[in-house]
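Asker: My questions concern the predicted model and sequence given below.
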Amino acid sequence: MVPSVLIVDDEKHTREGLQQALADTYDVSLAANADEAFNLMEAQPFDVIITDLRMPGKSGLKVIDKALALPNHPAVLMMTAYGNIETAVEAMKRGAVDFLAKPVNIERLEVLIQRALKTKTLEVEVKQLNERLDEKFSFEGIIGTSSKLKEVIDRVKLVAPSRATILIEGESGTGKELIAQAIHQASPRSRAPFIAVHCASLSENLLESELFGHERGAFTGATERRIGRFESADGGTLFLDEIGEISASTQVKLLRFLETKGIERVGGSKPIQLDVRLVAATNRNLEQLVREGKFREDLFFRLNVVRILLPPLRDRPEDAPLLLAHYLKQFSAENQLPPLGLAPGALQTLQAYAWPGNIRELRNFCENAVVLHHGGTLSEYDLDPKYRGEPAPAPGGAGAAAAPLVNSLSVEENEKRLLREALIKARGNRSKAADLMGISRRTLHRKLAQWPESDVTDK
(Lines give C-alpha, C1' and ligand atoms only; values in the text may rest on other atoms or scores of the structure.)
Protein backbone atom coordinates (compact mmCIF):
# COMPACT_ATOMS: atom_id res chain seq x y z
CA MET A 1 0.00 0.00 0.00
CA VAL A 2 1.39 3.42 -1.03
CA PRO A 3 2.07 5.68 2.01
CA SER A 4 -0.12 8.80 2.11
CA VAL A 5 1.36 12.27 2.69
CA LEU A 6 -0.43 15.57 3.39
CA ILE A 7 1.47 18.80 2.60
CA VAL A 8 0.20 21.91 4.40
CA ASP A 9 1.63 25.25 3.15
CA ASP A 10 0.10 28.61 2.27
CA GLU A 11 2.59 29.11 -0.61
CA LYS A 12 1.17 27.48 -3.72
CA HIS A 13 4.48 26.98 -5.51
CA THR A 14 5.98 25.32 -2.43
CA ARG A 15 3.21 22.76 -1.87
CA GLU A 16 2.86 21.98 -5.60
CA GLY A 17 6.63 21.68 -6.00
CA LEU A 18 6.79 19.23 -3.11
CA GLN A 19 3.86 17.30 -4.57
CA GLN A 20 5.66 16.97 -7.90
CA ALA A 21 8.84 15.79 -6.17
CA LEU A 22 7.08 13.17 -4.03
CA ALA A 23 4.22 12.01 -6.30
CA ASP A 24 6.17 9.08 -7.80
CA THR A 25 6.61 7.48 -4.36
CA TYR A 26 3.70 8.68 -2.23
CA ASP A 27 -0.02 9.42 -2.45
CA VAL A 28 0.18 13.20 -1.92
CA SER A 29 -2.67 15.53 -0.83
CA LEU A 30 -2.44 19.34 -0.48
CA ALA A 31 -3.87 21.91 1.94
CA ALA A 32 -3.38 25.71 1.73
CA ASN A 33 -4.02 26.33 5.44
CA ALA A 34 -4.71 24.65 8.77
CA ASP A 35 -8.50 24.55 8.33
CA GLU A 36 -8.21 22.75 4.98
CA ALA A 37 -5.77 20.33 6.61
CA PHE A 38 -8.24 19.68 9.47
CA ASN A 39 -11.00 18.82 6.98
CA LEU A 40 -8.73 16.43 5.06
CA MET A 41 -7.53 14.73 8.26
CA GLU A 42 -11.12 14.12 9.32
CA ALA A 43 -12.02 12.73 5.91
CA GLN A 44 -9.12 10.26 5.51
CA PRO A 45 -6.09 8.91 7.39
CA PHE A 46 -2.54 10.01 6.51
CA ASP A 47 0.75 8.34 7.27
CA VAL A 48 2.83 11.55 7.26
CA ILE A 49 1.95 15.25 7.46
CA ILE A 50 4.43 17.91 6.36
CA THR A 51 3.34 21.32 7.58
CA ASP A 52 4.64 24.86 7.33
CA LEU A 53 4.99 26.73 10.62
CA ARG A 54 3.83 30.24 9.80
CA MET A 55 0.58 30.50 7.85
CA PRO A 56 -2.35 32.94 7.82
CA GLY A 57 -4.84 31.98 10.51
CA LYS A 58 -3.83 28.94 12.56
CA SER A 59 -0.15 28.04 12.69
CA GLY A 60 1.54 24.75 11.93
CA LEU A 61 1.72 24.03 15.67
CA LYS A 62 -2.09 23.76 15.64
CA VAL A 63 -1.78 21.28 12.75
CA ILE A 64 0.56 19.18 14.90
CA ASP A 65 -1.89 19.27 17.82
CA LYS A 66 -4.81 18.24 15.61
CA ALA A 67 -2.86 15.46 13.87
CA LEU A 68 -1.56 13.91 17.09
CA ALA A 69 -5.03 13.96 18.65
CA LEU A 70 -6.29 11.52 16.01
CA PRO A 71 -6.75 7.88 17.18
CA ASN A 72 -4.27 6.46 14.66
CA HIS A 73 -2.21 9.61 14.36
CA PRO A 74 0.25 10.30 11.52
CA ALA A 75 3.91 11.22 11.89
CA VAL A 76 4.43 14.99 11.53
CA LEU A 77 7.34 16.94 10.00
CA MET A 78 7.63 20.71 10.55
CA MET A 79 9.14 23.06 7.93
CA THR A 80 9.66 26.82 8.01
CA ALA A 81 11.71 29.63 6.53
CA TYR A 82 12.01 31.09 10.01
CA GLY A 83 13.81 28.16 11.56
CA ASN A 84 15.50 28.60 14.91
CA ILE A 85 16.28 26.45 17.91
CA GLU A 86 13.28 27.65 19.93
CA THR A 87 10.87 26.85 17.09
CA ALA A 88 12.40 23.42 16.58
CA VAL A 89 12.18 22.64 20.30
CA GLU A 90 8.56 23.75 20.45
CA ALA A 91 7.64 21.64 17.40
CA MET A 92 9.34 18.58 18.88
CA LYS A 93 7.62 19.16 22.22
CA ARG A 94 4.27 19.16 20.40
CA GLY A 95 5.15 15.76 18.90
CA ALA A 96 6.80 16.48 15.54
CA VAL A 97 9.27 13.74 14.66
CA ASP A 98 11.67 16.14 12.93
CA PHE A 99 12.23 19.69 11.66
CA LEU A 100 13.61 21.10 8.41
CA ALA A 101 14.21 24.59 7.05
CA LYS A 102 13.10 26.15 3.79
CA PRO A 103 14.04 26.02 1.01
CA VAL A 104 13.48 22.30 1.44
CA ASN A 105 16.22 19.89 0.40
CA ILE A 106 14.25 17.11 -1.35
CA GLU A 107 16.79 14.39 -0.63
CA ARG A 108 16.77 15.23 3.09
CA LEU A 109 12.97 15.43 3.05
CA GLU A 110 12.72 11.91 1.58
CA VAL A 111 15.11 10.61 4.23
CA LEU A 112 12.99 12.23 6.97
CA ILE A 113 9.76 10.83 5.50
CA GLN A 114 11.19 7.31 5.49
CA ARG A 115 12.38 7.78 9.06
CA ALA A 116 8.95 9.09 10.07
CA LEU A 117 7.22 6.10 8.44
CA LYS A 118 9.53 3.72 10.27
CA THR A 119 8.81 5.49 13.58
CA LYS A 120 5.07 5.25 12.95
CA THR A 121 5.35 1.53 12.13
CA LEU A 122 7.28 0.88 15.34
CA GLU A 123 4.70 2.81 17.37
CA VAL A 124 1.90 0.69 15.89
CA GLU A 125 3.82 -2.55 16.55
CA VAL A 126 4.53 -1.57 20.16
CA LYS A 127 0.89 -0.62 20.69
CA GLN A 128 -0.29 -3.94 19.24
CA LEU A 129 2.24 -5.87 21.32
CA ASN A 130 1.12 -4.13 24.51
CA GLU A 131 -2.52 -4.81 23.62
CA ARG A 132 -1.73 -8.51 23.10
CA LEU A 133 0.17 -8.63 26.38
CA ASP A 134 -2.67 -6.91 28.19
CA GLU A 135 -5.15 -9.37 26.68
CA LYS A 136 -3.03 -12.40 27.45
CA PHE A 137 -2.10 -11.48 31.00
CA SER A 138 -5.05 -9.35 32.05
CA PHE A 139 -7.64 -10.57 34.50
CA GLU A 140 -9.82 -11.46 31.52
CA GLY A 141 -7.11 -13.95 30.54
CA ILE A 142 -7.60 -15.86 33.81
CA ILE A 143 -10.39 -18.23 32.86
CA GLY A 144 -13.16 -19.17 35.26
CA THR A 145 -16.28 -17.92 37.01
CA SER A 146 -16.13 -19.86 40.28
CA SER A 147 -16.39 -17.99 43.56
CA LYS A 148 -12.97 -19.28 44.65
CA LEU A 149 -11.27 -17.93 41.53
CA LYS A 150 -13.16 -14.65 41.89
CA GLU A 151 -11.74 -14.28 45.41
CA VAL A 152 -8.23 -14.68 43.98
CA ILE A 153 -8.85 -12.11 41.22
CA ASP A 154 -10.34 -9.62 43.68
CA ARG A 155 -7.25 -9.98 45.87
CA VAL A 156 -4.94 -9.56 42.88
CA LYS A 157 -6.75 -6.37 41.82
CA LEU A 158 -6.41 -5.04 45.35
CA VAL A 159 -2.67 -5.63 45.76
CA ALA A 160 -1.35 -5.23 42.20
CA PRO A 161 -0.98 -1.41 42.30
CA SER A 162 1.05 -1.60 45.54
CA ARG A 163 4.77 -2.21 46.00
CA ALA A 164 4.18 -5.10 48.42
CA THR A 165 6.04 -8.40 48.10
CA ILE A 166 3.62 -11.22 47.26
CA LEU A 167 3.72 -14.95 47.99
CA ILE A 168 1.59 -17.17 45.73
CA GLU A 169 0.86 -20.66 47.03
CA GLY A 170 -0.80 -23.52 45.19
CA GLU A 171 -0.35 -26.99 43.80
CA SER A 172 1.73 -27.56 40.69
CA GLY A 173 -0.15 -26.61 37.53
CA THR A 174 -2.63 -24.20 39.15
CA GLY A 175 -1.36 -21.16 37.20
CA LYS A 176 0.90 -19.38 39.69
CA GLU A 177 3.00 -17.74 36.96
CA LEU A 178 -0.12 -16.54 35.15
CA ILE A 179 -1.29 -14.84 38.37
CA ALA A 180 2.17 -13.27 38.80
CA GLN A 181 2.01 -11.92 35.24
CA ALA A 182 -1.48 -10.55 35.88
CA ILE A 183 -0.20 -8.76 39.00
CA HIS A 184 2.59 -7.21 36.93
CA GLN A 185 0.26 -6.16 34.10
CA ALA A 186 -2.15 -4.50 36.55
CA SER A 187 0.63 -2.60 38.33
CA PRO A 188 2.32 0.73 37.49
CA ARG A 189 5.31 -1.41 36.39
CA SER A 190 3.43 -2.99 33.48
CA ARG A 191 5.66 -1.41 30.79
CA ALA A 192 8.85 -2.47 32.59
CA PRO A 193 10.31 -6.01 32.47
CA PHE A 194 8.65 -9.09 33.95
CA ILE A 195 11.43 -11.61 34.64
CA ALA A 196 10.66 -15.19 35.71
CA VAL A 197 13.15 -17.58 37.31
CA HIS A 198 12.31 -21.23 38.09
CA CYS A 199 14.50 -21.81 41.12
CA ALA A 200 14.17 -25.61 41.23
CA SER A 201 15.69 -26.03 37.76
CA LEU A 202 19.11 -24.56 38.70
CA SER A 203 21.88 -25.73 41.01
CA GLU A 204 22.86 -23.53 43.98
CA ASN A 205 25.86 -21.88 42.26
CA LEU A 206 24.05 -21.38 38.97
CA LEU A 207 21.01 -19.92 40.71
CA GLU A 208 23.05 -17.30 42.61
CA SER A 209 24.81 -16.24 39.41
CA GLU A 210 21.50 -16.23 37.53
CA LEU A 211 19.81 -14.05 40.16
CA PHE A 212 22.57 -11.68 41.23
CA GLY A 213 25.01 -11.82 38.31
CA HIS A 214 28.77 -12.19 38.71
CA GLU A 215 31.99 -10.31 38.19
CA ARG A 216 34.71 -11.46 35.85
CA GLY A 217 36.90 -14.05 37.58
CA ALA A 218 34.35 -14.70 40.34
CA PHE A 219 34.71 -18.43 39.71
CA THR A 220 36.20 -20.82 37.18
CA GLY A 221 34.67 -20.09 33.80
CA ALA A 222 33.55 -16.55 34.69
CA THR A 223 35.42 -14.90 31.80
CA GLU A 224 33.30 -11.75 31.77
CA ARG A 225 30.87 -9.79 33.93
CA ARG A 226 27.27 -11.01 33.82
CA ILE A 227 24.16 -9.02 34.69
CA GLY A 228 21.75 -11.08 36.80
CA ARG A 229 17.96 -11.31 36.73
CA PHE A 230 17.57 -8.80 39.56
CA GLU A 231 19.32 -6.09 37.56
CA SER A 232 17.44 -7.08 34.39
CA ALA A 233 14.16 -6.61 36.27
CA ASP A 234 15.05 -3.13 37.57
CA GLY A 235 11.89 -1.01 37.49
CA GLY A 236 9.75 -4.09 36.93
CA THR A 237 8.81 -7.40 38.56
CA LEU A 238 10.93 -10.45 39.40
CA PHE A 239 8.98 -13.71 39.74
CA LEU A 240 10.73 -16.49 41.69
CA ASP A 241 8.94 -19.79 41.20
CA GLU A 242 9.52 -22.74 43.55
CA ILE A 243 11.03 -20.42 46.19
CA GLY A 244 11.00 -23.28 48.70
CA GLU A 245 13.84 -24.99 46.79
CA ILE A 246 16.54 -22.30 47.22
CA SER A 247 19.63 -22.98 49.31
CA ALA A 248 20.48 -21.40 52.66
CA SER A 249 23.10 -19.05 51.16
CA THR A 250 20.69 -17.84 48.48
CA GLN A 251 18.06 -17.32 51.19
CA VAL A 252 20.48 -14.98 53.01
CA LYS A 253 21.11 -12.91 49.87
CA LEU A 254 17.43 -12.75 49.07
CA LEU A 255 16.65 -11.61 52.61
CA ARG A 256 19.29 -8.89 52.31
CA PHE A 257 17.69 -7.60 49.12
CA LEU A 258 14.25 -7.46 50.76
CA GLU A 259 15.72 -5.51 53.68
CA THR A 260 17.98 -3.11 51.75
CA LYS A 261 16.70 -3.20 48.13
CA GLY A 262 20.32 -3.81 47.16
CA ILE A 263 22.35 -6.72 45.80
CA GLU A 264 25.99 -7.59 45.20
CA ARG A 265 27.13 -9.58 42.20
CA VAL A 266 28.89 -12.88 42.94
CA GLY A 267 32.57 -11.99 43.39
CA GLY A 268 31.75 -8.31 43.81
CA SER A 269 31.66 -5.98 46.81
CA LYS A 270 29.86 -2.90 45.45
CA PRO A 271 26.19 -2.68 46.51
CA ILE A 272 23.77 -2.10 43.62
CA GLN A 273 20.49 -0.43 44.54
CA LEU A 274 17.48 -1.63 42.56
CA ASP A 275 13.76 -0.94 42.22
CA VAL A 276 12.35 -4.46 41.84
CA ARG A 277 9.00 -5.80 42.97
CA LEU A 278 9.35 -9.41 44.13
CA VAL A 279 6.63 -12.02 43.58
CA ALA A 280 7.44 -15.53 44.84
CA ALA A 281 5.57 -18.81 44.39
CA THR A 282 5.70 -22.27 45.90
CA ASN A 283 3.83 -25.56 45.86
CA ARG A 284 5.34 -26.48 49.24
CA ASN A 285 4.29 -25.56 52.78
CA LEU A 286 6.87 -22.91 53.73
CA GLU A 287 5.68 -22.80 57.35
CA GLN A 288 6.38 -26.53 57.62
CA LEU A 289 9.84 -25.99 56.07
CA VAL A 290 10.48 -23.25 58.66
CA ARG A 291 9.57 -25.67 61.47
CA GLU A 292 11.93 -28.25 59.94
CA GLY A 293 14.76 -25.71 59.80
CA LYS A 294 14.91 -25.82 55.99
CA PHE A 295 13.69 -22.28 55.35
CA ARG A 296 14.56 -19.08 57.21
CA GLU A 297 11.72 -17.77 59.33
CA ASP A 298 12.74 -14.11 58.80
CA LEU A 299 12.76 -14.62 55.02
CA PHE A 300 9.34 -16.28 55.19
CA PHE A 301 7.89 -13.26 56.98
CA ARG A 302 9.51 -10.90 54.44
CA LEU A 303 8.03 -12.86 51.54
CA ASN A 304 4.64 -13.36 53.15
CA VAL A 305 3.56 -9.69 53.14
CA VAL A 306 0.58 -10.55 50.92
CA ARG A 307 -0.45 -14.19 50.52
CA ILE A 308 -2.47 -15.49 47.57
CA LEU A 309 -3.65 -19.11 47.68
CA LEU A 310 -4.64 -20.64 44.33
CA PRO A 311 -7.31 -23.36 44.62
CA PRO A 312 -6.73 -26.64 42.77
CA LEU A 313 -9.00 -27.34 39.81
CA ARG A 314 -10.85 -30.09 41.72
CA ASP A 315 -12.08 -27.41 44.13
CA ARG A 316 -13.58 -25.32 41.32
CA PRO A 317 -15.06 -27.91 38.91
CA GLU A 318 -17.46 -25.32 37.44
CA ASP A 319 -14.43 -23.72 35.75
CA ALA A 320 -13.44 -26.92 33.90
CA PRO A 321 -15.92 -26.50 30.97
CA LEU A 322 -14.65 -22.95 30.30
CA LEU A 323 -11.03 -24.08 30.40
CA LEU A 324 -11.75 -27.05 28.14
CA ALA A 325 -13.55 -24.87 25.59
CA HIS A 326 -10.72 -22.29 25.66
CA TYR A 327 -7.86 -24.74 25.15
CA LEU A 328 -9.66 -26.88 22.56
CA LYS A 329 -10.28 -23.72 20.54
CA GLN A 330 -6.72 -22.51 21.04
CA PHE A 331 -5.02 -25.75 19.98
CA SER A 332 -7.37 -26.24 17.03
CA ALA A 333 -6.38 -22.78 15.77
CA GLU A 334 -2.66 -23.29 16.47
CA ASN A 335 -2.62 -26.59 14.57
CA GLN A 336 -4.90 -25.29 11.79
CA LEU A 337 -7.37 -28.08 12.47
CA PRO A 338 -11.18 -28.06 12.53
CA PRO A 339 -12.72 -27.22 15.92
CA LEU A 340 -13.09 -30.14 18.32
CA GLY A 341 -16.22 -30.22 20.46
CA LEU A 342 -17.25 -32.24 23.50
CA ALA A 343 -20.41 -34.34 23.69
CA PRO A 344 -22.49 -33.79 26.87
CA GLY A 345 -21.40 -37.13 28.34
CA ALA A 346 -17.71 -36.35 27.73
CA LEU A 347 -18.06 -32.88 29.25
CA GLN A 348 -19.80 -34.28 32.31
CA THR A 349 -17.13 -36.95 32.75
CA LEU A 350 -14.26 -34.44 32.41
CA GLN A 351 -15.91 -32.00 34.81
CA ALA A 352 -16.19 -34.75 37.42
CA TYR A 353 -12.53 -35.77 36.98
CA ALA A 354 -10.23 -34.56 39.79
CA TRP A 355 -7.41 -33.25 37.49
CA PRO A 356 -4.52 -34.00 39.87
CA GLY A 357 -2.20 -32.12 37.49
CA ASN A 358 -4.59 -29.14 37.54
CA ILE A 359 -4.73 -26.73 34.58
CA ARG A 360 -1.46 -28.05 33.17
CA GLU A 361 -2.96 -31.56 32.90
CA LEU A 362 -6.20 -30.20 31.38
CA ARG A 363 -4.22 -28.19 28.86
CA ASN A 364 -2.19 -31.25 27.83
CA PHE A 365 -5.40 -33.27 27.50
CA CYS A 366 -6.85 -30.67 25.12
CA GLU A 367 -3.74 -30.54 22.93
CA ASN A 368 -3.62 -34.34 22.73
CA ALA A 369 -7.33 -34.56 21.86
CA VAL A 370 -7.10 -31.92 19.13
CA VAL A 371 -4.07 -33.52 17.48
CA LEU A 372 -5.48 -37.06 17.57
CA HIS A 373 -9.11 -36.39 16.59
CA HIS A 374 -8.86 -33.64 13.94
CA GLY A 375 -12.20 -32.01 14.64
CA GLY A 376 -15.67 -33.41 15.18
CA THR A 377 -17.09 -34.20 18.60
CA LEU A 378 -15.35 -36.10 21.37
CA SER A 379 -17.69 -38.57 23.08
CA GLU A 380 -17.44 -40.18 26.49
CA TYR A 381 -16.40 -43.40 24.78
CA ASP A 382 -13.34 -41.67 23.26
CA LEU A 383 -11.93 -40.80 26.68
CA ASP A 384 -9.17 -42.71 28.42
CA PRO A 385 -10.65 -44.94 31.19
CA LYS A 386 -8.86 -42.90 33.87
CA TYR A 387 -11.16 -39.93 33.22
CA ARG A 388 -14.11 -42.19 34.09
CA GLY A 389 -12.44 -43.36 37.29
CA GLU A 390 -11.76 -46.81 35.84
CA PRO A 391 -8.50 -48.74 35.76
CA ALA A 392 -6.63 -48.97 32.49
CA PRO A 393 -7.42 -52.04 30.35
CA ALA A 394 -5.51 -55.16 31.39
CA PRO A 395 -2.69 -56.41 29.13
CA GLY A 396 -4.01 -58.56 26.34
CA GLY A 397 -6.15 -55.97 24.55
CA ALA A 398 -9.85 -55.88 23.92
CA GLY A 399 -10.11 -59.67 23.85
CA ALA A 400 -8.87 -60.12 27.42
CA ALA A 401 -11.47 -61.32 29.90
CA ALA A 402 -12.95 -58.58 32.05
CA ALA A 403 -12.50 -58.97 35.80
CA PRO A 404 -15.81 -59.57 37.57
CA LEU A 405 -17.27 -56.74 39.61
CA VAL A 406 -17.35 -58.16 43.11
CA ASN A 407 -18.54 -55.70 45.73
CA SER A 408 -21.26 -55.08 48.22
CA LEU A 409 -23.64 -53.39 45.77
CA SER A 410 -27.04 -54.85 45.06
CA VAL A 411 -27.57 -57.18 42.09
CA GLU A 412 -29.42 -54.37 40.33
CA GLU A 413 -26.59 -51.86 40.85
CA ASN A 414 -24.01 -54.37 39.64
CA GLU A 415 -26.10 -55.06 36.57
CA LYS A 416 -26.30 -51.35 35.81
CA ARG A 417 -22.53 -51.01 36.16
CA LEU A 418 -21.89 -54.00 33.91
CA LEU A 419 -24.25 -52.58 31.32
CA ARG A 420 -22.58 -49.19 31.47
CA GLU A 421 -19.12 -50.76 31.14
CA ALA A 422 -20.25 -52.77 28.12
CA LEU A 423 -21.69 -49.65 26.43
CA ILE A 424 -18.45 -47.76 27.01
CA LYS A 425 -16.30 -50.57 25.63
CA ALA A 426 -18.62 -50.86 22.63
CA ARG A 427 -18.39 -47.05 22.15
CA GLY A 428 -22.17 -46.78 22.39
CA ASN A 429 -22.94 -49.57 19.90
CA ARG A 430 -25.79 -51.49 21.57
CA SER A 431 -25.40 -54.64 19.49
CA LYS A 432 -21.74 -54.93 20.47
CA ALA A 433 -22.61 -54.16 24.10
CA ALA A 434 -25.14 -56.99 24.07
CA ASP A 435 -22.50 -59.37 22.66
CA LEU A 436 -20.01 -58.34 25.34
CA MET A 437 -22.59 -59.09 28.07
CA GLY A 438 -23.63 -62.35 26.48
CA ILE A 439 -27.26 -61.29 26.14
CA SER A 440 -29.51 -60.59 23.19
CA ARG A 441 -30.04 -57.10 21.81
CA ARG A 442 -33.73 -57.42 22.80
CA THR A 443 -32.74 -58.14 26.42
CA LEU A 444 -30.37 -55.18 26.43
CA HIS A 445 -33.16 -52.88 25.15
CA ARG A 446 -35.50 -54.27 27.80
CA LYS A 447 -33.01 -53.52 30.56
CA LEU A 448 -32.39 -50.00 29.23
CA ALA A 449 -36.15 -49.45 29.17
CA GLN A 450 -36.41 -50.81 32.72
CA TRP A 451 -34.09 -48.13 34.17
CA PRO A 452 -33.74 -44.44 33.34
CA GLU A 453 -30.95 -44.17 30.77
CA SER A 454 -29.10 -41.68 33.02
CA ASP A 455 -28.67 -44.47 35.60
CA VAL A 456 -26.58 -46.32 33.05
CA THR A 457 -24.80 -43.58 31.14
CA ASP A 458 -24.20 -40.69 33.54
CA LYS A 459 -22.55 -42.22 36.57
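Answerer: Structure received.
Asker: where along the stretch 201-350 of the chain do the helices fall?
Answerer: For the stretch 201-350 of the chain, the helices defined by DSSP state H, counting those that start in this stretch occupy 204-212, 229-232, 248-260, 286-291, 297-303, 320-334, 344-352.
Asker: okay, the angle between the third one and helix 204-212?
Answerer: By that I understand helix 248-260. Angle, helix 248-260 to helix 204-212, by axes from the mean of the first three to the mean of the last three C-alpha atoms, to 10 degrees: 20 degrees.
Asker: Select the helix or strand of this protein having the lowest average pLDDT value.
Answerer: Ranking every helix and strand in the chain by mean pLDDT, DSSP states H and E puts helix 453-457 at the bottom, with a mean of 53.
Asker: Can you give me the buried ones in whichever helix or strand Glu16 is part of?
Answerer: Glu16 belongs to helix 12-22 when elements are defined using DSSP states H and E. Going by neighbour count (16 or more other C-beta atoms under 10 Å), the buried part of helix 12-22 is Thr14, Arg15, Gly17, Leu18, Ala21, Leu22. (Glycine included, C-beta is placed from N, CA and C.)
Asker: residue contacts, the first one?
Answerer: Meaning Thr14. Asp52, Lys102, Val104 (C-beta atoms under 8 Å, 6 or more residues apart in numbering).
Asker: List the contacts of the nearest residue to Arg296 once chain neighbours are set aside.
Answerer: Nearest non-adjacent residue to Arg296, counting by C-beta to C-beta, 6 or more residues apart in numbering: Gln251, 4.9 Å away. Applying C-beta under 8 Å, 6+ apart, one finds that Gln251 lies in contact with Phe295, Arg296, Leu299.
Asker: for the residues you listed, which one is nearest Pro188?
Answerer: Closest approach to Pro188 among the contacts of Gln251 (C-beta to C-beta): Leu299, at 26.0 Å.
Asker: In this structure that closest one contacts Arg256, no?
Answerer: No. Contact criterion C-beta atoms under 8 Å: Leu299 and Arg256 do not qualify, at 9.9 Å.
Asker: who has more neighbours, the two?
Answerer: The neighbour count for Leu299 versus Arg256, taken as other C-beta atoms under 10 Å, is higher for Leu299 (23 against 15).
Asker: Please tell me the pLDDT value assigned to Leu448.
Answerer: For Leu448, the pLDDT comes out at 73.
Asker: Give me the mean pLDDT for stretch 271-286.
Answerer: Mean pLDDT, stretch 271-286: 96.
Asker: got any ranges where this protein has weak pLDDT?
Answerer: Scanning the chain for pLDDT under 70 picks out the ranges 82-85, 125-140, 390-416, 437-438, 450-459.
Asker: Would you check how far apart the residue nearest to Arg296 and Glu297 are?
Answerer: Noted for Gln251: a distance of 11 Å to Glu297, by C-beta to C-beta, to the nearest Å.
Asker: Ser190: which element?
Answerer: For Ser190, there is no host helix or strand (DSSP H and E).
Asker: Secondary structure element holding the closest residue to it other than its chain neighbours?
Answerer: Sequence neighbours aside, His184 is the residue nearest to Ser190 in space, at 6.3 Å (criterion: C-beta to C-beta, 6+ apart). Assigned by DSSP H and E, His184 belongs to helix 176-185.
Asker: Quick check: what element follows that helix along the chain?
Answerer: Using DSSP H and E, the helix or strand that follows helix 176-185 towards the C-terminus is strand 194-198.
Asker: isn't the residue nearest to Ser190 right next to Leu238, touching?
Answerer: No. Using C-beta under 8 Å as the test, His184 is too far from Leu238 to be in contact (9.7 Å).
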